[in-house]
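A.B. asks: return atomic coordinates for the entry below.
(one chain, ligands or ions: 1)
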Amino acid sequence: MAGCFITFEGGEGAGKSTQIDRLRRRLEQLDQQVIVTREPGGSPYAEEIRSFLLGGHAKSLGPFAEALLFAAARIDHLDTTIVPALRRGTHVLCDRFADSTRAYQGSLGNIDPALIDNLERITLKGVRPDLTFILDLPAEVGLARAGERRARKGEGADRFEEEHASFHNALRQAYLSIAQADPGRCAVINADQAPDEVEAAIWAALRERLPQLTQTMARPLDVA
Ligand code: TYD
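C.D. replies: As a prediction, the model looks like this:
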């Protein structure tokens, strides 16, 4: 496909949205076409499933049923937002994607990895991220940041944020295992540093792995 598909993953409070926004701006300055989207969500139906999932309504059904709902949202998101954008040459920056299901529902929900592999194969139909940034930081640092953000916005914890510290430590390990299993796609970024430094690390990784994105797009010549 003509556009590049880049996903951002990590635990709570890793700073994904800040970094996605910074990367979007840098790419736009180079005249690259880019959209930002998120999971669960990113299309009208998927946003409805998001409210249901993050409201905790599927929790009692168990992690496999939750994984199916995340997958259902992902199918609509791919069909209506991601694939059309990639086909028209627009790069897609996505806040969470299939690795979140593998980490949160798969590893932490003890779902057989073979089942997650199959679910991913059926859901993604061959569409895989060209690059995945895994924003890595100690769970307690991320939880403290997420707590401050919620206090600022006057929000309560969602279904996953309210899990215990041991859950978030295991989550960090799950993401590191995903990166280890797929080093060609995944770049682990140290997110326990100032936003400018994280941004620089992301840009350096992008230059190395998808150099075509970090150059100014050639503008068509003006026809006299
Ligand atoms: P969100 O508010 O977008 O959180 P964050 O800022 O941490 O990305 O909520 C998304 C939550 O849904 C987050 O806790 C991770 C969880 N999630 C899953 O458990 N499985 C999935 O497949 C996805 C996409 C998200």
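A.B. asks: show me what from this protein comes close to the ligand.
C.D. replies: Taking CB under 6 Å from any ligand atom as the criterion, the neighbours of the ligand within the chain are 12, 16, 38-40, 54, 70, 95-96, 100-101, 104-105, 158, 160. Backbone N, C-alpha and C define where each C-beta goes, glycine included.
A.B. asks: separate out the buried members of those.
C.D. replies: Among the residues of the chain next to the ligand, the ones that count as buried by 16 or more other CB atoms under 10 Å are 12, 16, 38-40, 70, 95-96, 100-101, 104-105, 160.
A.B. asks: determine which two of the residues of the chain next to the ligand are furthest apart.
C.D. replies: Pairwise distances across the residues of the chain next to the ligand peak at 18.5 Å for K16 and Q105 (criterion: CB to CB).
A.B. asks: next one: the helix or strand harbouring I49 to chain centre, how far?
C.D. replies: Under DSSP states H and E, the secondary-structure element containing I49 is helix 44-54. In this view, helix 44-54 has its centroid 16 Å away from the chain centroid, taken as CA atoms, centre = their mean, to the nearest Å.
A.B. asks: how about it: buried residues?
C.D. replies: Going by neighbour count (16+ other CB under 10 Å), the buried part of helix 44-54 is Y45, A46, I49, R50, L53.
A.B. asks: next helix or strand past it?
C.D. replies: The element immediately downstream of helix 44-54 (helix or strand, assigned by DSSP H and E) is helix 63-77.
A.B. asks: counting by contacts, list what that following helix packs against.
C.D. replies: Using 3 or more CB pairs under 8 Å, 6 or more residues apart in numbering; DSSP states H and E, the elements in contact with helix 63-77 are helix 44-54, helix 113-124.
A.B. asks: just name the shakiest helix or strand of the chain by mean pLDDT.
C.D. replies: Confidence across the helices and strands of the chain bottoms out at helix 139-153, with a mean of 88, counting by mean pLDDT, DSSP states H and E.
A.B. asks: what residues does it touch?
C.D. replies: Applying CB atoms under 8 Å, 6 or more residues apart in numbering, the external contacts of helix 139-153 come out as 10-15, 156-157, 161, 165, 168-169, 171-172, 191-192.
A.B. asks: filter these down to just the ones in helices.
C.D. replies: Among the contacts of helix 139-153, the residues falling in helices (DSSP state H) are A165, H168, N169, L171, R172.
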